[in-house]
Each structure stands twice: as C-alpha cells, then as structure tokens.
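J.: Dropping the sequence and predicted coords here.
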Amino acid sequence: MDALHRLGLTPAIDAAAAEHRAAGLRLARVAAQHRGGYVVFTTAVLAAAAVDGEAGAITELRADLSGRLRRAVAVDAAAGPAVGDWVAVEVHGEERPSATMHAVLPRASKLSRKAVGRGASEQLVAANVDTVFLVCPLDQPLNLRRIERLLTIALESGAAAVIVLTKADLCADPDAALAQLGPRPEVPVHVISNVTGVGVDALDIYTDSPRTSALIGASGVGKSTLINRWLGHARQAVNAVRDDGKGRHTTTHRELLVLPQGGLVIDTPGMRELGLWRSEEGLQGAFADVAALTGTCRFRDCTHAQEPGCAIHAAVADGTLAPERAASFIKLQQEQAILDRERDGLARLRARQADRRSQRALNKVTRKQ
C-alpha cells in the first residue's frame, strides 16, 4: 500500500486532486496544527525524511498557508485547513524540505463546534473522519445532557458516532450506568477499561485501514490512554485526574496519528464548552424519538414552549418521554435558532465588507483612468 492510501486516500479525494497535480502540486494530509503553522503528511521527498525509512513512504513536513489561502482564512477561519484535511501543497527545499498549502480539497465530513467566546464563528475540530468516538468516564455519574450534546455534534459531522464508556474498572455497576443511556439503536455503545483491557478489543473494528477516527470528550476521560494502547507505546502524555474529579489537559493540540493496525486516529484536547454550530441532522439523529414526535404537533411551526397540541409535552405528560430529555432537545433546538440568527447577521456583515472592498478597488481603478 502506498503512502497516500495508507493515509486514507479515497477515490473521491484522488479525483478532486487531479487539477492540483496538473498544476505541479503534491497531495498531503494535515497531521497537526500549531500556532506557528502546520504539519502535513505526504509521500517522502527523500529517504532520510521518510517515517518508514524509505522514499515513497510517509513523511512529515512543516507547512504554511499560501497568501491566497491566508487571505481567505482572515475572512473566515473555517476556510482554512483542519487536522484530517487533504490539501494541495508545493514542496520546497531538498535537505530540509517544507511545504506551502495552496488549496483545501472538498471534505467528506466535518466535525465542528461554535468557537469559544461571543459571536457566531465556526471552529473546525477535524475533517474527513469516518467515526467519532464520544468518550465518557464511568468513575463518576454519567452526564446524559453532555452526551446528548456530544452526540448531536458528532452526528452533524457526517461521520458515524460511537459512545465509549471508559474506566469500567472504577464503576461498581457498569450495566446500570449503561442502562441510563436508554435505547440508541443507531449508535453503538462500548464499555471498556484501559486498565484491565475489558472491551477494548471490540473497538478494533473501527481502527483498521483506511478508516479515520476522532476522539472527543472532556479532559481526563481516557482518550490519550486509549490511543496509547492502539499505538502500542506511550506517545500521548497521560495525567492524573484532579481531586475534584476534573481532568487535566494532556493533549494540547489536535493531531492525526497513524496506527500500526492500519487506521488513523485524531486526538483532540478536552472540550469544556460545546457550542453547536449546525445541528439540524445531528438533532434528528441524537433525538430520533423526540424528533419523531414533532411531526405530530398541532402546529407545523410549534416551538414546543406553550403551544396547545404539542406532541412533546403530551408525551411527557403521559410518561412516555422523560422530561429531562424533552427539555434537553428543546434547549438545543432553541440554541440552534439563536445561532442561526447570529450567523445570518454575520453573513450580512461579511457581504457588506466585501462590497466595500470591491468599491474601494473600483474607485482606485477609476482614479487611475
């Protein structure tokens, strides 16, 4: 298997790269993003630079954005590359080669959240992911509302979602904790222990070639420990959980790792804030039972607040739907509606800014004539 296919190259990406190859550019995949730039994986330029020790194998290159791509990112950060993206690069140098990224290829999936802070802006977490692992620990009570939010974000990405409940060795009754999740036929749930190894082998079906997985969850839930187990050595730092039960940040940046069994995995820092970005399909998937009720409300535009004939409130009243789950769905739906309005306002602002830039450019041309 050549380096690009080892990195998860698909026929769709290969076809999309044709025009860039014709322009003399090389195909690469974003492996990490730092404040000072990026790291990309591509086919080795020199044998000495190859990860596997031979030309044509995978190599790592430092990479920066081209001027055009940098200007696009200045307008919209989501236009830039994320870890997992396929990009067209120009390679410079021989002894110490580096790369310039000229284009981001179309994404098969996109894991996003609302950027931390005020304003409606998108933060890309990972791209071209096949499976998103939602990692939650069993050494403390399950936060069902957080799991629902994680599941909404994961399903909206276009990837498959898998819930992984870690630290089973520290839980007196894992089966009781598992029962709290309720029936989720479309989302597999695995109970594991990184200490005893229980259940870990069942995850191997998601990590074979050429699949790409991503792990999301809070700090201290066992993401890095699980990745170290897949890698076969302690590459990712692991810290003890604090006395208050909160995890310490061990992963400080997103990184794409090549697993010895053939697949790839993206490790991500712990996420404390989980703002939705787009969630229409994600909500339908994470709350399939609740979403099915919305079609039977008396009013088509029911907000599920105080309207008569609301099917969700009726289901809560007759005991067929837990009030906490109904409230979680309504809260996320309202959050999405607010974000949609903020995003529309941002789009209008960017359009006005683009118009002003165009007008200034036109004025310069007119004055020269």
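T.: That came through, no problem.

J.: Can you pull the poorly scored residue ranges out of the stretch 1-150 of the chain?
T.: 1, 44-56, 117-120 (pLDDT under 70).

J.: How are the helices of it distributed by residue range?
T.: Assigned helices in the stretch 1-150 of the chain, in chain order: 3-6, 11-16, 18-22, 67-75, 144-156 (criterion: DSSP state H, counting those that start in this stretch).

J.: buried sites along the last one?
T.: Buried residues in helix 144-156, defined by neighbour count with 16 or more other C-beta atoms under 10 Å: 144, 146-156. The way it works is simple: take the backbone N, C-alpha and C, and place the C-beta from them, glycine included.

J.: which of the residues you listed sit farthest apart?
T.: 144 and 156 (18.7 Å; C-beta to C-beta).

J.: returning to what we had before: in JSON lines: the buried residues of helix 144-156, plus distance to residue 202.
T.: Formatted as JSON lines, these follow (distance: C-beta to C-beta, whole Å):
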{"residue": "144", "distance to residue 202": "23"}
{"residue": "146", "distance to residue 202": "23"}
{"residue": "147", "distance to residue 202": "19"}
{"residue": "148", "distance to residue 202": "23"}
{"residue": "149", "distance to residue 202": "25"}
{"residue": "150", "distance to residue 202": "20"}
{"residue": "151", "distance to residue 202": "19"}
{"residue": "152", "distance to residue 202": "24"}
{"residue": "153", "distance to residue 202": "24"}
{"residue": "154", "distance to residue 202": "19"}
{"residue": "155", "distance to residue 202": "21"}
{"residue": "156", "distance to residue 202": "25"}
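
J.: If we only consider these, which is nearest to residue 41?
T.: Nearest to residue 41 among the buried residues of helix 144-156, with distances taken as C-beta to C-beta, is residue 154, at 24.0 Å.

J.: Any idea which of the helices of the stretch 1-150 of the chain gets closest to residue 301?
T.: Checked against C-beta to C-beta, the stretch from those lying closest is helix 144-156, at 21.3 Å.

J.: Past that closest one, which element shows up next along the chain?
T.: Downstream of helix 144-156, the first helix or strand assigned by DSSP states H and E is strand 160-166.

J.: Please compute how far the helix or strand just after that following strand lies from its chain's middle.
T.: Using DSSP H and E, the helix or strand that directly follows strand 160-166 along the chain is helix 174-180. Relative to its parent chain, helix 174-180 has a centroid offset of 27 Å by C-alpha atoms, centre = their mean, to the nearest Å.

J.: can you offset everything so residue one is 684?
T.: Yep, numbering from 684; the last one is helix 857-863 now.

J.: Buried by neighbour count: which residues of helix 857-863 qualify?
T.: Buried residues in helix 857-863 (16+ other C-beta under 10 Å): 857, 860-861.

J.: Same question for stretch 783-798.
T.: Residues 783-788, 790-798 are the ones in stretch 783-798 that count as buried (16+ other C-beta under 10 Å).

J.: Next, count neighbours for the residue nearest to residue 990 when sequence neighbours are not counted.
T.: Take residue 990 and drop its neighbours on the chain: the residue closest to it by C-beta to C-beta, 6 or more residues apart in numbering is residue 982, 5.6 Å away. By other C-beta atoms under 10 Å, the residues close to residue 982 number 10.

J.: Also residue 897?
T.: 28.

J.: Distance to residue 998 and pLDDT added to the buried residues of helix 857-863, as a markdown table?
T.: Listed next are the buried residues of helix 857-863 as a markdown table, based on distance: C-beta to C-beta, whole Å; pLDDT from 0 to 100:
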| residue | distance to residue 998 | pLDDT |
| --- | --- | --- |
| 857 | 29 | 91 |
| 860 | 25 | 89 |
| 861 | 24 | 89 |
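
J.: In the stretch 884-1033 of the chain, where is pLDDT below threshold?
T.: Within the stretch 884-1033 of the chain, the segments meeting pLDDT under 70 span 916-935, 953-956, 1028-1033.

J.: can you give me the helices for it?
T.: Using DSSP H, counting those that start in this stretch, helices in the stretch 884-1033 of the chain cover 906-914, 963-969, 971-977, 994-1000, 1006-1051.

J.: how many neighbours does residue 888 have?
T.: Residue 888, neighbours per other C-beta under 10 Å, totals 12.

J.: Kindly report the same for residue 823.
T.: For residue 823, the neighbour count with other C-beta under 10 Å is 16.

J.: rewinding a little: could you dump the helices of the stretch 684-833 of the chain to TSV with distance to residue 814?
T.: Formatted as TSV, those follow (distance: least, C-beta to C-beta, whole Å):
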stretch	distance to residue 814
helix 686-689	18
helix 694-699	18
helix 701-705	27
helix 750-758	28
helix 827-839	9
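
J.: what's the closest of these to residue 1022?
T.: Residue 1022 lies closest to helix 827-839 among these, at 12.3 Å (C-beta to C-beta).

J.: Now do that closest one: which elements does it pack against?
T.: strand 793-797, strand 814-820, strand 843-849, strand 895-899, helix 963-969, helix 1006-1051 (3 or more C-beta pairs under 8 Å, 6 or more residues apart in numbering; DSSP states H and E).

J.: ok, back up a step: which of the buried residues of helix 857-863 sits closest to residue 877?
T.: Closest to residue 877, out of all of the buried residues of helix 857-863 and judged by C-beta to C-beta, is residue 857, at 13.9 Å.

J.: From residue 937, how far out is residue 716?
T.: Separation of residue 716 from residue 937 (C-beta to C-beta, to the nearest Å) stands at 6 Å.

J.: who touches both of those two?
T.: Taking C-beta atoms under 8 Å, 6 or more residues apart in numbering as the criterion, residue 716 and residue 937 both touch 765-766.
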